[in-house]
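Q: Can you look at this prediction? I've put the sequence above it.
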There are 2 protein chains.
Amino acid sequence: MGKYYRETPLERSETGESRTIDWSFESIVQHAAAEGVYDLGPGYLDPQLIPVPDIKAAFDEALSRYGAAALAYGHNQGALPFRAAVADRLADGDGTDYTPSHLLATGGTSQALDLLAAAVAEPGQAVVVESLTYDLALQIFRDRGLVVYAVERDSEGMLPSAVDQAAARARQERRGIAFVYLVPTFHNPTGSEMSQPRRTALLESAARHQMLVVEDDAYADLPLTPRTRQPSLAGLADFRGVVRLGTFSKSLAPGLRLGWLAAGPRLCRELAGRGLFTSGGCPSHLAALAVGLLLESGFYEDHLRWLHSELKCRRDALTDTLHNLLPGEWHLRPADGGLFSWVDIPAGVSEFDAVAAAEQGGVLTSPGERFGSDAEPGVRLSYAYNSPERLAAAAASLADAWRPLSAG
Amino acid sequence: MGKYYRETPLERSETGESRTIDWSFESIVQHAAAEGVYDLGPGYLDPQLIPVPDIKAAFDEALSRYGAAALAYGHNQGALPFRAAVADRLADGDGTDYTPSHLLATGGTSQALDLLAAAVAEPGQAVVVESLTYDLALQIFRDRGLVVYAVERDSEGMLPSAVDQAAARARQERRGIAFVYLVPTFHNPTGSEMSQPRRTALLESAARHQMLVVEDDAYADLPLTPRTRQPSLAGLADFRGVVRLGTFSKSLAPGLRLGWLAAGPRLCRELAGRGLFTSGGCPSHLAALAVGLLLESGFYEDHLRWLHSELKCRRDALTDTLHNLLPGEWHLRPADGGLFSWVDIPAGVSEFDAVAAAEQGGVLTSPGERFGSDAEPGVRLSYAYNSPERLAAAAASLADAWRPLSAG
């Protein structure tokens, strides 16, 4: 990655000379791929896929149109133009009556999870999660003093019977359950998708135990295979007992720090009434106004169509090569959307050895253990962060690296 | 305030006509003054004082210069150009060795307080605060399950002996103390400023009890009377046992949702290692890069000079009129900086009656009770949110409204 140069002097020496500093890409962003390796770790878009000029134009337009209102403390629940545009879009997609009152603007999914872990949970309570799940959600829950109950899942996601078992365990441990957390659509890390019957059964099970369900739909805007879209859990339940989270980090730009929380109007109002919101207003106020314009103008839908074709191309480059070259005992799961492919590794090979061999072969991957357990031994491969050419080369390197393991 | 019109149709009716929606100022921001009253409530800048074109240019330049890096997940601790620019500025002002490692980019002071209340406190622990203090800090602490110990203050702020008393109470209640929270410079709500000897004594007292001190310096960039600046508590302690918070909300634009936390490098790293940061990167990443440019270019210092003269003009319009017209028993405290004047009300008049009479006279004010206690009966008047002309008129109305109370 290139470097950025300051055009203004940081300080002047006594001789009057100015000192300039160059900022590396690494000094600005959270993570940059190391040179000379294929980094299939990051669960977010390649910077090349971020529509910088369009987002720049949207910030410009938001500041022109709304003026000082775009730079004042934002409406606690989120600026209405943003919430109205999101509500329109969700109602179209989900067939449910989303209104601006059903929405809270968030600083992205991590901020929303942190908020929920503080607002609807007490330290010491349990959160029910899938045995493989979004690793940083686990960290956020633990940071808040919550206890994680990792429960059984299958190729569709969380089992309804696992919710019953969690309830029994909580009774035994005299512990409250704060909520059930899951990623039903294009699951992180496995890419799985939950069918409608399973969704209904899961909701019934949660309702029986009066458990709140937190539905993380971070990848729902990224379907890559034409098929019927599943209704959201929030839509199926008409928001009763379900909070749905969305983000523009995975589909537009991570650094916007912008997402939404959809829930019943009363819960949205309660959350917006916490000190964090009544003090500073909603997070990411200006970004919400800018993205509101991108939604209103139709840009976002056009962008998604383009992004889907780009991601599909990347996914295919990775998975076609793996299908051709992976040793027989290694199993690649279908990735119908989202950002990840999952490879099940053969019995007798450890995740540690699989990841180490991949790294030796110049490919960085994420072991299932990072996502909470080794219940389904495997490796997550992100196809969002590299070009199709690099992904094909990485896949070939992976097959080469793994072949000796299964032979051994 | 004006209205904003959507230029794109929200939806088309069956006849093909487009419906346009107009957004009111109120639908976008947290608070808008009611028509026909003088609103001296808001503790933040009049939208007229927000330098919209300059901030717009800075966002534009940040997106041009840093490109996709400005829209990727930001560096967990905050983009280096921002932290370097803030460190340079703080080192100049405070005579202490601030480096980028001493800084964490925050989503403003409220986000920083929420973070600290979660990261360095356990629910059930106490926070020691001044008997009058920033009301929303109290709400944020209580939202996190912390117990507020409001302790004695005088015209300089918190008494060192009060810290000893809080320690004794905590021992008695078998409760840990999470930290001491105070606003030593241009205090909210009274405008008071702590002298250097008091600062030193307070730090000694806190150190004796091994209490962390959280120094809220939200108003430190707004001195309105030429005099020697007090060193920060963090500077005096060389960061040992002190966390200092700053924000650009009070001096540049609230909606940026951008501030900084200064502390020892280890604590900064620890905070940036929480799930909230390792997941989404630092909050307000793009705003940090934009404000970094405003700091580097010298704009921010020029802007502060202009803002000081504007605020001084407003403060003087309010306080000169009050000095001339206030009934003798009502006492106006000096406001050497920040956004607030404080009026002590006479014995025999309640805060409730003073605020009600003011409202009857068309002026909205904030009773001391809102800030935690009636230990110093009085009323906070913000001079940041109205023009000098309106402030002079509001002051005359206040004097008229209050005269009958003291006569009664």
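A: Received the coordinates, thanks.
Q: Is stretch A:288-295 in proximity to chain B?
A: Yes. Residues of stretch A:288-295 are located near chain B by C-beta under 8 Å from any C-beta of the partner chain, namely residue A:289. Just so you know, the C-beta spots here come from the backbone N, C-alpha and C atoms, and that holds for glycine as well.
Q: Also stretch A:338-352?
A: No. Figure legend: stretch A:338-352 not in contact with chain B (C-beta under 8 Å from any C-beta); closest approach 13.8 Å.
Q: Pull out the buried residues from that stretch.
A: Residues of stretch A:338-352 classed as buried: A:338, A:339, A:340, A:341, A:342, A:343, A:344, A:345, A:349, A:351 (neighbour count, 16 or more other C-beta atoms under 10 Å in any protein chain shown).
Q: cool, and stretch A:221-240?
A: Within stretch A:221-240, the residues scored as buried using 16+ other C-beta under 10 Å are A:221-224, A:230-237, A:239.
Q: Mind picking the lowest-pLDDT entry from those residues?
A: Lowest pLDDT of the buried residues of stretch A:221-240: residue A:230, 92.
Q: for it, what are its contacts?
A: A:184, A:185, A:193, A:194, A:195, A:196, A:199 (C-beta atoms under 8 Å, 6 or more residues apart in numbering or on different chains).
Q: Any chance of a markdown table for the buried residues of stretch A:338-352, columns pLDDT?
A: Formatted as a markdown table, the buried residues of stretch A:338-352 follow (pLDDT from 0 to 100):
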| residue | pLDDT |
| --- | --- |
| A:338 | 97 |
| A:339 | 98 |
| A:340 | 98 |
| A:341 | 97 |
| A:342 | 97 |
| A:343 | 97 |
| A:344 | 97 |
| A:345 | 95 |
| A:349 | 95 |
| A:351 | 95 |
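Q: can you redo those as TSV with distance to residue B:294 and secondary structure?
A: Shown next, in TSV, are the buried residues of stretch A:338-352 (distance: C-beta to C-beta, whole Å; DSSP: H, G, I helix; E, B strand; the rest coil):
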residue	distance to residue B:294	secondary structure
A:338	38	coil
A:339	35	coil
A:340	39	strand
A:341	43	strand
A:342	45	strand
A:343	47	strand
A:344	51	strand
A:345	51	coil
A:349	54	coil
A:351	47	helix
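Q: Out of those, which comes closest to chain B?
A: Set against chain B, the nearest of the buried residues of stretch A:338-352 by C-beta to the nearest C-beta is residue A:339 (13.8 Å).
Q: Skipping its backbone neighbours, what lies nearest the closest one in space?
A: Using C-beta to C-beta, 6 or more residues apart in numbering or on different chains and skipping residues adjacent in sequence, the residue nearest residue A:339 is residue A:384, 4.1 Å away.
Q: Now render the buried residues of stretch A:221-240 as a markdown table, adding secondary structure.
A: Shown next, in a markdown table, are the buried residues of stretch A:221-240 (DSSP: H, G, I helix; E, B strand; the rest coil):
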| residue | secondary structure |
| --- | --- |
| A:221 | coil |
| A:222 | coil |
| A:223 | strand |
| A:224 | coil |
| A:230 | coil |
| A:231 | coil |
| A:232 | coil |
| A:233 | helix |
| A:234 | helix |
| A:235 | helix |
| A:236 | helix |
| A:237 | coil |
| A:239 | coil |
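Q: Which pair in these has the greatest spatial separation?
A: Across the buried residues of stretch A:221-240, the longest distance by C-beta to C-beta is 28.0 Å; it joins A:224 and A:239.
Q: Out of the helices and strands in chain A, which is least certain?
A: strand A:3-5 (a mean of 51; mean pLDDT, DSSP states H and E).
Q: And chain B, is the following helix or strand past that one touching that?
A: Later in the chain than strand A:3-5, the nearest helix or strand by DSSP states H and E is strand A:22-24. Yes. Legend: contact between strand A:22-24 and chain B by C-beta under 8 Å from any C-beta is shown at residue A:23.
Q: just checking, what packs against strand A:22-24?
A: Contacts defined by 3 or more C-beta pairs under 8 Å, 6 or more residues apart in numbering or on different chains; DSSP states H and E place strand A:22-24 against strand A:3-5.
Q: Output the longest helix belonging to chain A.
A: helix A:299-325 (DSSP state H).
Q: Quick one: list the elements packing against it.
A: Short answer (3+ C-beta pairs under 8 Å, 6+ apart): helix A:299-325 packs on helix A:52-66, helix A:285-296, strand A:331-332, strand A:340-344, helix A:388-407.
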